[in-house]
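S.K.: I'll drop the sequence and a predicted model, then ask my questions.
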Protein chains: 2
Amino acid sequence: MRIVLDAMGGDLAPGPIVEGAVEAVRGEPGLTVVLVGDEVRVAAELAHYPDAPRDRLPVVHASEVIGMDEKPVEALRKKRDNSISKCWALMAAGEVGGIVSAGSTGAMVASALFNAKMFLPGVRRPGIAAIFPSHHGPVVIVDVGANMNARPEDLYQYGVMGAVYAEQILGVEKPHIGLLNVGSEETKGTELTRSTAALFRASQIANRFLGNVEGRDIYEGDARVVVCEGFVGNVLLKAGEGAVEFLFSELKQEIARLLPEIPEEAGGKIIASLRGLKRRYEYHEYGGGPLLGIRGSCIICHGSSDARAIKNALRVASTLATDQVNDQIIRELEAAPKIEEVAPPKAEGDSAQ
Amino acid sequence: MRIVLDAMGGDLAPGPIVEGAVEAVRGEPGLTVVLVGDEVRVAAELAHYPDAPRDRLPVVHASEVIGMDEKPVEALRKKRDNSISKCWALMAAGEVGGIVSAGSTGAMVASALFNAKMFLPGVRRPGIAAIFPSHHGPVVIVDVGANMNARPEDLYQYGVMGAVYAEQILGVEKPHIGLLNVGSEETKGTELTRSTAALFRASQIANRFLGNVEGRDIYEGDARVVVCEGFVGNVLLKAGEGAVEFLFSELKQEIARLLPEIPEEAGGKIIASLRGLKRRYEYHEYGGGPLLGIRGSCIICHGSSDARAIKNALRVASTLATDQVNDQIIRELEAAPKIEEVAPPKAEGDSAQ
């Protein structure tokens, strides 16, 4: 399997990005990672790993980088030789089976949209999935920011694609799908949520559709796939990260206050234990969010990704591109009901419960 | 000050609701709490407090209760003698200065909307505020579920009202206002966010408008007021509660595993310390969310409110109704720019960054 990696994408690039690639190819003998970026800087990083299998780490030069704060579409137009566009060009040419970047999410998605022939048959707009923790294991949330103008058909497709991902990549058996909403009754929410629910109820996966789930329910994990429009999902994802960071920083202060009062050995154990807990809920483990609805695979990593995150993302990209995930998605989307044929319930009231 | 309390509202009503009222009037000599609910059940609860100042705890009978899972508008129509409608009738008649309920949020808001003469002059749609923690102290988020069809003018008004609330009730000096969005550039987000930003920038509080804030930024606390539409705010609020509960439950398991390995005294200190931390981030302290934009005051409490939460809500309702908060809101809303006069920036790209 050949995966292309945006070596210049990410707050810390190219150092830990290249390191992640080296670790990934060392760990998987069948994997080749094509590094796209400034060839001098990438070569300088590769020089730190003299025993790396260089034949499986080819470099493709790209002279420009899209910054995290640039306007994606404008930047893609102005910087013709940027690393993200070059990665997608290799995808479009069929030279690689998957793409990984920790660079600008906006540029990654915009670039994907420019390459509409890269969409899976039947997919109107790809969506980004993120993995949340829950009492019953990982929960897939789609879309967390690819699509700011979602239609009911899009949310339905995110449900189908998220479920296949949960099943094939995360090993969840027959995952239930929930619709993020402001209350449990079917009349709650917006025109979008009501029409989406009607689509699920009319579909062949109706028996796996749980109906509305509220923000709180995500962590219960009854629904292992939760669909929402990109604005809400993006806020949810970033606020969740913020909440975890905030709580752990408060916890750290609390423990620091306590340490002088308890034996040193006990203190050490507590700190180690909390670090372990924090590590479990950081984003590194799942290797970034897949852009679902693309031929092959596309993983968009967090901007602050380290070598571990990149290594995991390359592993997931490689699995996704080989594991018939897309074949199953295409089959299931073919069986989707038509929006014209379903009638959503009427709105009742106009506020959350 | 007279405040009306929905004695039947909340998962645990009327027990802890009545208890909260008793504690509130005991603590504030100038406060009268009108208890609305089943007079036999309320009297039975009051009998547990023989030394309570009964002259400041009058009871008004209401034979019906709106359940948390009922459709609000339908339930308000069918159950003519429900406690929430009776509370609002007392508000509309000017017999009380504020209203508190831990019952159905939907019914509370719908009831408020039925009483449009209760809106402050200039307010199109009231919004519910919730208080989040941050590194710089409490952050006011508006709207968390009153309005599922927000216009830019609404979000602007939420900013103005949230800022007055933060200043006068939470003691934040000249709070900065942020607009919840999916990226920091002004072109990000939706038509709603772009037009809202344009309104703030054209207003007399432009110097206190920080622009876009992302989900993660809430916990930084640079913006002490964050505005968003009700769907997003509701998901954010409930997901935040879910995340805190989830993390503390994981933490509890982690500590339980550790306890056999550390001295008993140290273990006890750790547990006490974590309980204190959890308590700080529960919703009880701030006594529920105010519905901003109403004459007098209205506090909507969490369904699982206990006596402490109700007591605090009554205290806030009493302060809000007396503290010239509404006078300041009315003055500031009069100076708002007209939506027709501001031009939002054009969209660029269509995804989160």
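M.R.: Received it, and whenever you're ready, just let me know what you need.
S.K.: What ranges in chain A fall below the confidence cut-off?
M.R.: A:282-287, A:323, A:343-353 (pLDDT under 70).
S.K.: At which residues are the helices of it located?
M.R.: A:15-27, A:39-46, A:72-78, A:83-92, A:105-114, A:152-168, A:191-201, A:230-258, A:264-280, A:307-322, A:325-334 (DSSP state H).
S.K.: from what I can see residue A:185 touches residue B:71, true?
M.R.: Yes. In this structure, residue A:185 is within contact of residue B:71 by CB atoms under 8 Å, at 6.2 Å. In this view, the C-beta of every residue, glycine as well, is placed from N, C-alpha and C.
S.K.: give me the number of residues near residue A:258?
M.R.: Residues contacting residue A:258 under the criterion other CB atoms under 10 Å in any protein chain shown number 18.
S.K.: Name the nearest residue to it, ignoring sequence neighbours.
M.R.: Nearest residue to residue A:258 in three dimensions, chain neighbours excluded: residue B:273, at 5.4 Å (CB to CB, 6 or more residues apart in numbering or on different chains).
S.K.: Contact partners for that neighbour?
M.R.: A:254, A:255, A:257, A:258 (CB atoms under 8 Å, 6 or more residues apart in numbering or on different chains).
S.K.: still on that earlier bit, looking at the helices of chain A, which is nearest to residue A:135?
M.R.: helix A:264-280 (13.3 Å; CB to CB).
S.K.: what's the distance between the closest one and the middle of its chain?
M.R.: For helix A:264-280, the separation from the chain centroid amounts to 29 Å (computed by CA atoms, centre = their mean, to the nearest Å).
S.K.: And for stretch A:18-32?
M.R.: Worked out by CA atoms, centre = their mean, stretch A:18-32 lies 20 Å from the chain centre.
S.K.: Go through that stretch and flag the buried ones.
M.R.: A:18, A:19, A:20, A:21, A:22, A:23, A:24, A:25, A:28, A:31, A:32 (16 or more other CB atoms under 10 Å in any protein chain shown).
S.K.: List just the nearest of those to residue B:199.
M.R.: Relative to residue B:199, and with distances defined as CB to CB, the nearest of the buried residues of stretch A:18-32 is residue A:20, at 44.1 Å.
S.K.: what's the distance between the closest one and chain B?
M.R.: 22 Å (CB to the nearest CB, to the nearest Å).
S.K.: In chain A, which residue is most central in space?
M.R.: Centroid-nearest residue in chain A: residue A:289, 1.1 Å away (criterion: CA atoms, centre = their mean).
S.K.: what sits against that residue?
M.R.: A:128, A:129, A:130, A:131, A:144, A:299, A:300, A:301.
S.K.: let's see 6 Å
M.R.: A:128, A:129, A:130, A:300 (CB atoms under 6 Å, 6 or more residues apart in numbering or on different chains).
S.K.: Show me which of the contacts of residue B:273 are buried.
M.R.: A:255, A:258.
S.K.: Can you give me the neighbour number for residue A:42?
M.R.: Neighbour tally, residue A:42, other CB under 10 Å: 26.
S.K.: was I right about it contacting residue A:59?
M.R.: Yes. In this structure, residue A:42 is within contact of residue A:59 by CB atoms under 6 Å, at 5.2 Å.
S.K.: Against chain B, how distant is residue A:121?
M.R.: Distance from residue A:121 to chain B, by CB to the nearest CB: 22 Å.
S.K.: Can you tell me which residue of the stretch 51-200 of chain A sits closest to chain B?
M.R.: As assessed by CB to the nearest CB, chain B sits closest to residue A:145 within the stretch 51-200 of chain A, at 2.9 Å.
S.K.: related to what we said a few turns ago, what distance do you get for the residue nearest to the centre of chain A to chain B?
M.R.: In terms of CB to the nearest CB, residue A:289 sits 11 Å off from chain B.
S.K.: Quickly list what that residue is bridged to.
M.R.: residue A:300 (DSSP bridges).
S.K.: sorry, back to before: how close does the residue nearest to residue A:258 sit to residue B:251?
M.R.: 11 Å (CB to CB, to the nearest Å).
S.K.: how about stretch A:312-329 as PDB, C-alpha atoms only?
M.R.: Written as PDB, here are the backbone C-alpha positions of stretch A:312-329 (Å, rounded to 0.1, in the frame of the first residue of the first chain):
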ATOM      1  CA  ASN A 312      -1.400   6.000  13.700                       C
ATOM      2  CA  ALA A 313      -3.000   8.000  11.000                       C
ATOM      3  CA  LEU A 314      -0.800   6.300   8.300                       C
ATOM      4  CA  ARG A 315      -1.800   2.900   9.700                       C
ATOM      5  CA  VAL A 316      -5.500   3.800   9.600                       C
ATOM      6  CA  ALA A 317      -5.200   5.300   6.100                       C
ATOM      7  CA  SER A 318      -3.600   2.100   4.900                       C
ATOM      8  CA  THR A 319      -6.200  -0.100   6.500                       C
ATOM      9  CA  LEU A 320      -9.100   2.100   5.200                       C
ATOM     10  CA  ALA A 321      -7.800   2.000   1.700                       C
ATOM     11  CA  THR A 322      -7.400  -1.800   1.600                       C
ATOM     12  CA  ASP A 323     -10.300  -3.100   3.700                       C
ATOM     13  CA  GLN A 324     -13.200  -2.900   1.300                       C
ATOM     14  CA  VAL A 325     -14.700  -0.200   3.500                       C
ATOM     15  CA  ASN A 326     -15.500   1.800   0.400                       C
ATOM     16  CA  ASP A 327     -17.100  -1.100  -1.400                       C
ATOM     17  CA  GLN A 328     -19.500  -1.600   1.400                       C
ATOM     18  CA  ILE A 329     -20.300   2.100   1.600                       C
END
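S.K.: residues in contact with it?
M.R.: By CB under 6 Å, 6+ apart, stretch A:312-329 touches A:1, A:3, A:24, A:31, A:97-98, A:100, A:120, A:161, A:164, A:168, A:287-288, A:296-297, A:299, A:301.
S.K.: which among the residues you listed end up buried?
M.R.: By 16+ other CB under 10 Å, the contacts of stretch A:312-329 give A:1, A:3, A:24, A:31, A:97-98, A:100, A:120, A:161, A:164, A:168, A:287-288, A:296-297, A:299, A:301 as buried.
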